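Novice: structure, please.
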Amino acid sequence: MDRRNVSKFLIGSVAGGTALLGERVQAQSCVAPCYAQTSAEATAGLTIVNSAYPPGNVDRYGNNATPGTTDMTAAFNAACKFGKTSGHQVTYGDTWPYLVTAPINCTQAAGTNQYGFTIECVGQVAATTTNAPTYPSIIATHTGHVFDCAGAIGMNFVNVSVGTGTATYPKTCFFLARNSAGSSQIMRFLNCRALGYFSEAVVYNYGSEENVFDGCQFSNYAGTANSKVVAITGTNYRALSSSFITIASSSQSTIAHTFVGGSYFNNSSQPTSDVFFIEAARFAKFYGVWGGCHLADGSAGGRSIFYLDTTNGAPDGILIDGFTGEASAHPASYGVYVGDATAAVGQLSVRDSNLPNGVNMVRSHANVTASGWSFRNLTNSSIGGGVSIGGNFTSGSVDSPAGGFTAASFSRPNVHNLPVTVEMNGDAYLVLADQTAAANEKYWRLRGVGGQFVLSAFSDSLGANTNPVVIDRTGTTVTDMNLTATNITLNGKVGFQGTAAISKPVVTGSRGGNAALASLLAALASYGLITNSTT
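Specialist: Below you'll find the predicted structure:
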């Protein structure tokens, strides 16, 4: 039976019947299955080129006569307009590959009613090469955004595969940005692939919230300065724009980004190249992700796998769990880098991860205050160093990372799970605090510096007292220290006024009836300083 056209019709009132909304089925004269124009397509003003493809299919709105050579940009825009008008799915992939020479319009302007919709590849997904793939499902040869999703809400990308040209290539593959009214959220990417050249980033997210990336494979081979794989920004730090609508121009809230599995690779040796770039954003979580940032030809690696930029606002709530890094001979300088502008960065947690690096697994600039940072079970494939905190580490926990742990300073620390050896820049100490104690009686500090070990009492403002107990390599020095205790027992040799310590002496001889001498000897014996064997 031929595929039949389905169109809406109204059954009027009949004797004994009721007015119903139904469908009229009409046989078509075409041999192939045919799909008539839908009301949504009519509303959107779309022209159907090939009715053999169902509504929302890209090949319905354009003739991909020579796949990979015929420009299918207009067909993609028509399909996406159908999706935005009706909320129905957009599909493509029957005649791959598809050449696009301009951005695909998935935008939603401020104040417009919109439907979330899905774009899914139903044909060829995998690229045939990894470096500028020749036959992915979409080939982009322009300098804009492949998918311009500014202002969009509730979009899903499923099995979408994109490659680029090597000479003329886009700024981004997926451009997510707030429109002028602040809309952009709930984007989902499932098993998507973008392997090619992107001068800015494969994914550039300006202010879009609540996004999930599941099992995606994104690689950037552009090698340009500041190139990223994923950029998450609350301030549009690269000042990008949409080709179709006006986007926000101020700092935007950027929260809730989740990456599950997948691989993210930046093939660049630029000193400003990163895999994940995060600034002025909150709550980005990475679970079981693989990533790398270096040149395959043996050149030096890029800057970092995770770069937390503090220039325009401190990111916080960053969780990296089960990350596996590219352990080649030329990894990025840093696994995680935080800086450089002055800021307090909170809630950075890196755990159960392998972070190959040329310098440090984790490095923060001296301007950055670390608050609530946690590091657990970190390895670096024996390439670079461990965790190095350049500024003040106020609170958090560290559990024996490979390559060691160093910090410039601590301030009222609430730090636990420290490794057996704590390494600092010339100073290491532990503060013990009883928050229920009276004012100026809460803090004690154990401090190791140079050749001395010092026990000090501190006021609430962390001002040290002037009577510390100092243990050095040759002995113990107590300066004007008042000890108050119910019982103090010293076992072993004792020395006073700098004299050598001796065992308890035995005093013998006759007291000669001297009552004062007898009393003194008895008192010294009761202190345990002597054994009184006099008569």
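Novice: any idea how far Lys285 lies from Ser349?
Specialist: From Lys285 across to Ser349, the span is 9 Å (C-beta to C-beta, to the nearest Å). No exception for glycine: its C-beta is placed from N, CA and C like everyone else's.
Novice: sorry, that was for Ala231
Specialist: Taking C-beta to C-beta, one finds Ala231 at 21 Å from Ser349.
Novice: before we move on, what about Leu378?
Specialist: From Leu378 to Ser349 the distance is 11 Å (C-beta to C-beta).
Novice: the two: who's more crowded?
Specialist: Taking other C-beta atoms under 10 Å, Leu378 and Ser349 do not tie; Leu378 has more neighbours (26 against 17).
Novice: how many neighbours does Gln270 have?
Specialist: The burial count for Gln270: 18, using other C-beta under 10 Å.
Novice: quick one: the strands in the stretch 101-250 of the chain, in order.
Specialist: Remark: strands assigned in the stretch 101-250 of the chain by DSSP state E, counting those that start in this stretch are 104-105, 118-121, 138-140, 145-148, 156-158, 161-164, 172-177, 188-190, 193-196, 201-206, 211-214, 217-220, 230-233.
Novice: mean neighbour count added to these, as CSV?
Specialist: CSV is the format used below for these (neighbours: other C-beta atoms under 10 Å):
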stretch, mean neighbour count
strand 104-105, 24
strand 118-121, 21
strand 138-140, 28
strand 145-148, 28
strand 156-158, 20
strand 161-164, 27
strand 172-177, 28
strand 188-190, 19
strand 193-196, 28
strand 201-206, 28
strand 211-214, 20
strand 217-220, 26
strand 230-233, 27
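Novice: need the single longest strand in this structure, by residues.
Specialist: Ranked by residue count and defined by DSSP state E, the top strand of the chain is strand 385-399.
Novice: elements contacting it?
Specialist: strand 360-364, strand 368-379, strand 405-416 (3 or more C-beta pairs under 8 Å, 6 or more residues apart in numbering; DSSP states H and E).
Novice: could these go into JSON lines alongside distance to Gly116 and mean pLDDT?
Specialist: As requested, the helices and strands packed on strand 385-399 are exported to JSON lines (distance: least, C-beta to C-beta, whole Å; pLDDT from 0 to 100):
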{"stretch": "strand 360-364", "distance to Gly116": "38", "mean pLDDT": "96"}
{"stretch": "strand 368-379", "distance to Gly116": "35", "mean pLDDT": "93"}
{"stretch": "strand 405-416", "distance to Gly116": "43", "mean pLDDT": "71"}
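Novice: closest one to Lys493 among those?
Specialist: Nearest of the helices and strands packed on strand 385-399 to Lys493, taken as C-beta to C-beta: strand 405-416 at 36.6 Å.
Novice: relative to Thr70, how far out is the closest residue to Ala74 other than its chain neighbours?
Specialist: Closest residue in space to Ala74, ignoring its immediate chain neighbours: Gly62 at 6.1 Å, by C-beta to C-beta, 6 or more residues apart in numbering. Distance of Gly62 to Thr70, given as C-beta to C-beta: 8 Å.
Novice: just the helices in the chain please.
Specialist: 39-44, 73-86, 515-527 (DSSP state H).
Novice: for the last one, list the C-alpha coordinates in CSV.
Specialist: When you say that, I think you mean helix 515-527. Below are the C-alpha coordinates for helix 515-527, written out as CSV (Å, rounded to 0.1, in the frame of the first residue of the first chain):
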residue,chain,number,x,y,z
ALA,A,515,66.4,20.9,111.4
ALA,A,516,66.4,23.3,108.4
LEU,A,517,68.7,20.9,106.4
ALA,A,518,66.5,18.0,107.3
SER,A,519,63.4,19.8,106.1
LEU,A,520,65.0,20.8,102.8
LEU,A,521,66.3,17.3,102.1
ALA,A,522,62.9,15.9,102.8
ALA,A,523,61.2,18.4,100.5
LEU,A,524,63.7,17.7,97.7
ALA,A,525,63.1,14.0,98.1
SER,A,526,59.3,14.5,98.0
TYR,A,527,59.7,16.3,94.7
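Novice: where in the stretch 201-350 of the chain is pLDDT low?
Specialist: In the predicted model, the stretch 201-350 of the chain carries pLDDT under 70 at residues 295-300, 329.
Novice: still on that earlier bit, out of the helices and strands packed on strand 385-399, which one sits most buried?
Specialist: For the helices and strands packed on strand 385-399, ranked by mean neighbour count under the definition mean count of other C-beta atoms under 10 Å, the leader is strand 360-364 at a mean of 28.
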